[in-house]
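[1] no letters, just coordinates:
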């Protein structure tokens, strides 16, 4: 699905330019540029195949490694130490002050 520039900006900024799953720093200009440092893709936090929406509320900036590893799994299947089945809303994992930038809590 092609994304509009404003959608990419919103998705990238939502995770403060870091992968939602591992906290790796991403480069905005490297969206889908797979050979670039900081390359990233738009991931569906809850995969569409598992009932997730294909809209901005379910889009997350994701590094290539995490996107490949996560695949079609639910977040808590991918990383049960961080994500919980009772917290389906991606926003509950954003805007924290975790010093590890998202690996063990919220992205911040």
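    That came through fine. Values in this document were obtained by computation on a predicted structure and should not be read as measured data.
[2] residue ranges of the strands in the protein, please?
    Along the chain, the segments classed as strands by DSSP state E run 40-44, 59-63.
[3] turn these into JSON lines, including distance to residue 30, mean neighbour count and mean pLDDT.
    (C-beta placed from N, C-alpha, C; glycine too.) Shown next, in JSON lines, are these (distance: least, CB to CB, whole Å; neighbours: other CB atoms under 10 Å; pLDDT from 0 to 100):
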{"stretch": "strand 40-44", "distance to residue 30": "6", "mean neighbour count": "22", "mean pLDDT": "97"}
{"stretch": "strand 59-63", "distance to residue 30": "10", "mean neighbour count": "25", "mean pLDDT": "97"}
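[4] and those as TSV, adding distance to residue 18?
    Shown next, in TSV, are these (distance: least, CB to CB, whole Å):
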stretch	distance to residue 18
strand 40-44	9
strand 59-63	7
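[5] so which of those gets nearest residue 53?
    strand 40-44 (7.9 Å; CB to CB).
[6] so for residue 16, which of the strands of the chain sits nearest?
    Counting by CB to CB, and looking across all of the strands of the chain, nearest comes strand 59-63 at 8.9 Å.
[7] now the closest one and strand 40-44, what's the angle there?
    Per axes from the mean of the first three to the mean of the last three CA atoms, to 10 degrees, the angle that strand 59-63 makes with strand 40-44 is 140 degrees.
[8] tell me which of the strands of the chain lies nearest to residue 3.
    Closest approach to residue 3 among those is made by strand 40-44 (6.2 Å; CB to CB).
[9] any chance you could list what contacts that closest one?
    Residues outside strand 40-44 that contact it (CB atoms under 8 Å, 6 or more residues apart in numbering) are 3, 8, 11-12, 19-21, 26-27, 30-32, 52-54, 58-64, 66-67, 70.
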